[in-house]
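> give me a 3D structure for the following:
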Amino acid sequence: MFLSPNFEARLGKSGGYVLRYSLVFFFLAFGLYKFTPQEAAGIAPLMAHSPVLGWAGPLLGERGASDFIGVIEIALGLMVAARAFAPRISALGSLGMAGALVTTLSFLFTTPGLDPQSSDAGFLLKDLTLLGAALWSAGEALAAARAAPMPVGRFAMEAA
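Predicted coordinates for the structure are as follows:
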């Protein structure tokens, strides 16, 4: 059975909203959670062996490193949420999310003794799906930014 093109377009657009704003939810929620002592202790062993984040614990301390990651996650979530009025910012946030997700996926390979069948490994694997959503969000927002007219007046300089 075929659906009308209008319904298919609405379905695709609805799916896009769910993808984008579930990314926003994940990054805001987990970003806020990074400010708790439990999460700081939980991510410390993963970060310790990371070639990307291994510096953060020794430099900032366990809580400081977790807080730093939390600030980044919250900022990226807010950037992506700005899609309706700032697609370029949303695209940059989406690309930042993709980078963050690649980093967390790398923990699967850089954390010594991480059991591939553990709940930690399973929790990290969800980031593969989120990575796909972040890449889609970046592409969609970049296309929207290209199609949007350039701002005029005092905001023209900022957009250039």
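
> what about the helices in the protein?
Here the chain has its helices, by DSSP state H, at 5-33, 37-48, 56-81, 87-110, 119-147, 156-159.

> in CSV: those, plus mean neighbour count.
For glycine as for every other residue, the C-beta is placed from the backbone atoms N, C-alpha and C. Formatted as CSV, those follow (neighbours: other CB atoms under 10 Å):
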stretch, mean neighbour count
helix 5-33, 14
helix 37-48, 17
helix 56-81, 19
helix 87-110, 20
helix 119-147, 16
helix 156-159, 10
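
> make TSV out of those helices and add mean pLDDT.
What follows is these, written out as TSV (pLDDT from 0 to 100):
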stretch	mean pLDDT
helix 5-33	94
helix 37-48	94
helix 56-81	98
helix 87-110	95
helix 119-147	91
helix 156-159	50
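
> just checking, residue 140 touches residue 16?
Yes. Between residue 140 and residue 16 there is a contact at 6.3 Å, judged by CB atoms under 8 Å.

> apart from its neighbours in sequence, what residue is nearest residue 45?
The shortest distance from residue 45 to any residue other than its chain neighbours is 6.7 Å, reached at residue 111 (CB to CB, 6 or more residues apart in numbering).

> now do the one you found, the pLDDT please.
You'll see residue 111 listed with a pLDDT of 88.

> same deal with residue 151?
On pLDDT, residue 151 comes in at 61.

> and the gap between the residue lying closest to residue 39 once chain neighbours are set aside and residue 134?
Spatial nearest neighbour of residue 39, excluding adjacent residues (CB to CB, 6+ apart): residue 33 at 4.9 Å. In this view, residue 33 and residue 134 are 19 Å apart by CB to CB, to the nearest Å.

> check residue 105 too.
12 Å.

> next one: residue 93
For residue 93, the distance to residue 134 - CB to CB - is 9 Å.

> likewise for residue 30?
According to CB to CB, residue 30 stands 14 Å off from residue 134.

> name the nearest residue to the residue nearest to the spatial centre of the chain, sequence neighbours excluded.
Closest to where the C-alpha atoms of the chain average out (CA atoms, centre = their mean) is residue 97, at 2.8 Å. Excluding the flanking residues, the one nearest residue 97 by CB to CB, 6+ apart is residue 134, at 4.1 Å.
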